[in-house]
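In: heads up, no residue letters with this:
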């Protein structure tokens with residue numbers, strides 16, 4: 001396996017309605033309001049957006065996300081990624097007991113020069129960084145779904 005290829009699988013459980021969760025996840029432009037690691041989203045067209053994300057490590061990833069699938073009835077969202085990461089991300093949203101399960105699968109290849117250089121040596125650190133980002137995303141989504149302020153001071157100042 002290439003040291004620049006990554007496969008991430010994340011499972012979230014949220015004490016919220018499936019439709020509400022799907023709507024929040026489908027609204028990519030709204031991510032900076034609740035996910036602190038998503039610094040900005042700029043819509044390019046109806047199916048494409050530029051996303052800037054920065055987690056715990058001191059660099060920002062710039063990616064173009066292009067919608068491949070959005071099917072609320074089946075609870076499926078999928079996007080192709082280009083830019084600093086290339087690959088895809090697929091989300092499945094489903095009822096799970098008294099709440100909603102969210103399964104996220106990402107298969108990406110590091111394309112930025114920095115990530116390609118770091119990957120052979122810093123792979124465990126990069127995986128931990130991704131896990132921390134996903135954890136903050138879940139926490140922010142839970143706050144937002146509960147009606148709390150999920151945004152950050154930085155995001156609030158942009159308004």
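Out: That came through fine. Not measured: the values here are computed from a predicted model.
In: hey, which helix is longest across the chain?
Out: For the chain, the helix that runs over the most residues, judged by DSSP state H, is helix 113-145.
In: Quick one: list the elements packing against it.
Out: Here helix 113-145 is seen to pack against strand 5-14, helix 18-26, strand 99-110 when contacts are counted using 3 or more Cβ pairs under 8 Å, 6 or more residues apart in numbering; DSSP states H and E. (Each C-beta comes from the backbone N, C-alpha and C, glycine too.)
In: Report the distance from it to the chain centre.
Out: 10 Å (Cα atoms, centre = their mean, to the nearest Å).
In: May I see the buried residues of it?
Out: Neighbour counts using 16 or more other Cβ atoms under 10 Å place 115, 118-119, 126, 129-130, 133-134, 136-138, 140-142, 144-145 of helix 113-145 among the buried residues.
In: need the contact list for residue 19.
Out: If you count contacts by Cβ atoms under 8 Å, 6 or more residues apart in numbering, residue 19 has them with residue 72.
In: Would you quantify the distance from it to residue 70?
Out: Plainly put, residue 19 is 14 Å away from residue 70 if you go by Cβ to Cβ, to the nearest Å.
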